[in-house]
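**Student:** Predicted model, plus sequence, below.
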Amino acid sequence: MPDTVQTNSEQETFALGKTLAGSLMPGTFVLLYGELGAGKTAFVRGLAAGLGADPEEVSSPTFVIMQHYKGRVPLTHVDLYRLDSAAEVDDLGLEELAAGGVLAIEWAGKLPRIPDQNLSVTIEDAGGDARTIVVRYSDR
């Protein structure tokens, strides 16, 4: 059963990510869905803070594809927006990257396969700074 949360600012979206980070185990994929500007990176900043990394270091990896952050639990932040094929995604070796930490993937709809241990987060613009965020845990 998914949880739906309404946030009313970037700070609240950050806080939700920080709170959810406390429930994540190494090897978890955080699958992020939402349009450009929805707040995916703000959410990942919160994840970073909750995992013990510096949230100020987190930026959108749209052009570099992935960034790594060191915390109590390492966080790898991946953005698939610029990738065009399943082969390009497979070449990233995402399963290996997730082995010792948490892997947050923006534009997760481009994944050729959905990983078993994941947290799916869909962020939708609800007008102004408000966001509707749907969180689903899956451990197939």
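**Tutor:** Okay, I see it.

**Student:** which regions of this protein sit below the pLDDT cut-off?
**Tutor:** Within the chain, the ranges that satisfy pLDDT under 70 run 1-2, 61-63, 89-91, 93, 98, 139-140.

**Student:** Tell me which residues touch the most centrally placed residue in it, please.
**Tutor:** Nearest residue to the geometric centre of the chain (CA atoms, centre = their mean): A104, 3.4 Å. Listed by CB atoms under 8 Å, 6 or more residues apart in numbering, the contact set of A104 reads 30, 32, 44, 47, 75-78. For every residue, glycine as well, the C-beta is placed using N, CA and C.

**Student:** what's D125 sitting at in phi/psi?
**Tutor:** phi -70, psi 130 (degrees, to the nearest 10).

**Student:** check contacts around it.
**Tutor:** Contacts of D125 (CB under 8 Å, 6+ apart): 35, 37-38, 131.

**Student:** most neighbours, which of the residues you listed?
**Tutor:** R131 (24 neighbours; other CB atoms under 10 Å).
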